[in-house]
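>>> Could you look at this predicted model? Sequence included:
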Amino acid sequence: MDDEGPAIYAVPVRDLPGRLVRTVRTGRSPQGRRVGIAFSRPELLVTAMGAEQPWEELCESALRGMLRPLGIDVIQVDPLLVAPPLDPRTAAGPIGQARTKRTASAITWPSVSSVRISTLPSVPAVNG
């Protein structure tokens, strides 16, 4: 029997403009799959996302309950880097400038609450 309680994660959140509501941040894996983001310790969240990133403590089942309606069943735990979404207005560069070849994940604009994440292959995602 396991004496440990449920896993508690530091989960990045964002405030919805004009409302007293917070929502969990989601991300896209390097392969483009939409995933939930969680950190085993707040220090790891700060390292990956910066000290300004708001976060909440959530157990795994609560986080899964928030992600399920979005069709997300994978939680990426402890990603190494979480980058802000690309801004489509600045990603193309100045008019007339040659565009470089980009990967599909670099030109797929994530939703407002999505961010791009980077992980080492040895850091597995948690499947639901």
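Done, it's in.

>>> going forward, measure contacts between C-alpha atoms and count neighbours the same way
Fine.

>>> ok but Ser61 is inside a strand, no?
No: membership of Ser61 in a strand is not supported by DSSP: H, G, I helix; E, B strand; the rest coil, which gives helix.

>>> what about it, how many residues close to it?
Using other Cα atoms under 10 Å, the number of residues around Ser61 comes to 13.

>>> same deal with the one 10 residues further on?
Burial of Gly71 is recorded as 10 neighbouring residues (other Cα under 10 Å).

>>> now swap in Pro79 and tell me
Using other Cα under 10 Å, Pro79 is surrounded by 23 other residues.

>>> Check the gap between it and Ala38 for me.
To Ala38, Pro79 is 8 Å away according to Cα to Cα, to the nearest Å.

>>> what are the bridge partners for Phe39, then?
Beta-bridge pairing for Phe39 (DSSP bridges): Ala10.

>>> which stretches of the protein form helices?
Secondary structure of the chain (DSSP state H): helices at 42-49, 60-67, 88-91, 104-107.

>>> could you dump the second one to PDB, C-alpha only?
Extracted in PDB, the C-alpha atoms of helix 60-67 (Å, rounded to 0.1, in the frame of the first residue of the first chain):
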ATOM      1  CA  GLU A  60      -2.800  15.600 -10.300                       C
ATOM      2  CA  SER A  61      -6.500  14.600 -10.400                       C
ATOM      3  CA  ALA A  62      -7.600  18.300 -10.200                       C
ATOM      4  CA  LEU A  63      -5.300  19.300 -13.000                       C
ATOM      5  CA  ARG A  64      -6.500  16.400 -15.100                       C
ATOM      6  CA  GLY A  65     -10.100  17.500 -14.500                       C
ATOM      7  CA  MET A  66      -9.200  20.900 -15.800                       C
ATOM      8  CA  LEU A  67      -7.400  19.600 -18.900                       C
END
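
>>> shaky segments in the chain?
Low-confidence segments of the chain (pLDDT under 70): 1-5, 83-128.

>>> can you rerun that using 90?
Where the chain drops to pLDDT under 90, the residues are 1-7, 15-22, 28-32, 79-128.
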